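K.L.:
Sequence and predicted structure are below.
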Amino acid sequence: MNLASIPSPSTGVIELGPIPLRGYAFCIIIGVFVAVWIGNKRWVGRGGKAGTVADIAVWAVPFGLVGGRLYHVITDYQLYFSDGQNWVDAFKIWEGGLGIWGAIAFGAVGAWIGCRRRGIPLPAWADALAPGIAIAQAVGRWGNWFNQELYGKPTDLPWALEISEGPNRVAGTYHPTFLYESLWCIGVALLVIWADRRFKLGHGRAFALYVAAYCAGRGWIEYMRVDEAHHILGLRLNVWTAIIVFVLAVAYIVISAKLRPGREEIVEQDKDAAEAAKDAEKKDDADDADATEKDGDPLKKDPSAKDPSAKDTPAKDAAPEAADKS
């Protein structure tokens, strides 16, 4: 064992009475709160209203968790559906296993729903949240440290990670790929913040920069890992995913900059004011309908008014007078 190394926790769960506090879930939750806090400050700085990021995150986060778990289960199905495995473990998200690719894809669907309900553009919201997502990933990666998973190749470097004997792992010192990715994500967040201030990125380009920069780091970090994974043409599946997504993100930045240069203006109405305006509009429509109904029937407006379509008829009192003259 190295004199200087990173120890792993003996357990990833802290028992607080009958309630188990799991380090993996704790890191995910902290990451979400940090992302929303950073995103809110950036959204307000661009002219949006406080609380909007959190309102949309209520949709994006659950979708992201489901998508992240689905991606992991589908790409590592042998861990749950092969001989000797229990498929129920696929639902044990607290034991680790969230694919960032599925989390971002499904989270974007949830965010789209939330943005439509608030009447704001999804690309602008994504730009505001981009650095926060990177920081959330940096925090969330420490959940892998609690679970002693997703480490790299054996090494005797001073910052090697100590791994204890356990299911599907051999005791030794390995590259702390969780730490490498955590530090890389912090660098990605700082890059996006700097580039956004320097170039006034808009229309989803700040988010695309985050995606491209993250993929660049994920490619070489993924290549160092030794956990079981599917390979295509000698490369791990996630390496290919990182390459493809990187190309798509760069292409989006280039094309978007040509089609929609500059940064869009954020004009957002207060949630309460928007609801009040809708109620006032409905009331005005109802009043107009009542007025139209009353003005359309003159007899209702003035009961003494004659119907212009009716012919004049002799009064009853005129009949005796006509009889006397005859």
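P.N.:
Looks like it came in fine. Residues are numbered from 1 along each chain as shown.
K.L.:
Check which helices and strands the helix or strand containing Arg116 is in contact with.
P.N.:
Element membership for Arg116 (DSSP states H and E) is helix 100-118. Secondary-structure packing of helix 100-118 (3 or more Cβ pairs under 8 Å, 6 or more residues apart in numbering; DSSP states H and E): helix 52-75, helix 122-140, helix 205-224, helix 237-259. Every C-beta, even on glycine, is put in place using the N, C-alpha and C of the backbone.
K.L.:
and the angle for the last one with helix 122-140?
P.N.:
So the one you mean is helix 237-259. 150 degrees (axes from the mean of the first three to the mean of the last three Cα atoms, to 10 degrees).
K.L.:
mind starting the numbering at 50 from now?
P.N.:
Fine by me, first position is 50 from now on; the one you just mentioned is helix 286-308.
K.L.:
Buried ones in helix 286-308, by neighbour count?
P.N.:
Residues of helix 286-308 classed as buried by neighbour count (16 or more other Cβ atoms under 10 Å): 287-291, 294-295, 298-299, 301-302, 305.
K.L.:
That helix vs helix 101-124, what angle?
P.N.:
140 degrees.
K.L.:
now do the shortest one
P.N.:
Between helix 171-189 and helix 101-124, the angle comes out at 60 degrees (the same axes, to 10 degrees).
K.L.:
and the nearest residue to Cys264 once chain neighbours are set aside, what does it touch?
P.N.:
Nearest residue to Cys264, sequence neighbours excluded (Cβ to Cβ, 6 or more residues apart in numbering): Phe295, at 3.8 Å. By Cβ atoms under 8 Å, 6 or more residues apart in numbering, the contact list for Phe295 reads 260-261, 264-265, 268.
K.L.:
The same query, at a cut-off of 7 Å, please.
P.N.:
261, 264-265 (Cβ atoms under 7 Å, 6 or more residues apart in numbering).
K.L.:
low-confidence ranges in the protein?
P.N.:
50-52, 64-66, 144, 318-375 (pLDDT under 70).
K.L.:
Give me the residue at the spatial middle of it.
P.N.:
Most central in the chain under Cα atoms, centre = their mean is Ala109, positioned 3.3 Å from the mean C-alpha point.
K.L.:
That one reaches Gly156, doesn't it?
P.N.:
Yes: Ala109 is within contact range of Gly156, at 4.6 Å (criterion: Cβ atoms under 7 Å).
K.L.:
helix or strand right after the strand or helix carrying Gly192?
P.N.:
Element membership of Gly192 [criterion: DSSP H and E] is helix 191-196. Sequence-wise, the next helix or strand downstream of helix 191-196 (DSSP H and E) is strand 210-212.
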